[in-house]
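Chemist: sequence plus predicted model, see below.
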Amino acid sequence: MTSGKKLDRETVDYLRTLPEIVRRVQGGRIYYTNSFRTQATARYAMGDRPVDIFRDNGIGPEVIGYKRIERCIARWKETRTNYPQ
């Protein structure tokens, strides 16, 4: 990751307890499962707020920060637009 806050050991350990949501955590980056990405983008398309989607799955902004959440949704939304499923 080129900018932003590094994930501390406690956060990394917590994220690893969420295998349905987080595929892996490596080098300060969080890699999400395809099923979570699909669910999150579908909920976002229905009008849910990104922070609510992540918080409902145990990884709210108090865990990973607002910026990571907003960037994930923006990136996934762009991917979904370019490559519809």
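Modeler: That came through fine.
Chemist: output the contacting helices and strands for the lengthiest helix in the chain.
Modeler: Assignment by DSSP state H gives helix 66-82 as the longest helix of the chain. Packed against helix 66-82 by the contact rule (3 or more CB pairs under 8 Å, 6 or more residues apart in numbering; DSSP states H and E) you find helix 34-45, helix 50-56. All C-beta spots, glycine's among them, are computed from the backbone N, C-alpha and C.
Chemist: buried deepest among those helices, which one?
Modeler: Comparing those by mean neighbour count (mean count of other CB atoms under 10 Å), helix 50-56 ranks first with a mean of 17.
Chemist: what sits up against that helix?
Modeler: 39-40, 43-44, 60-61, 64, 66, 69-70, 72-73 (CB atoms under 8 Å, 6 or more residues apart in numbering).
Chemist: what's the burial count for residue 21?
Modeler: Residue 21 is flanked by 19 other residues according to other CB atoms under 10 Å.
Chemist: brilliant, that's me finished.
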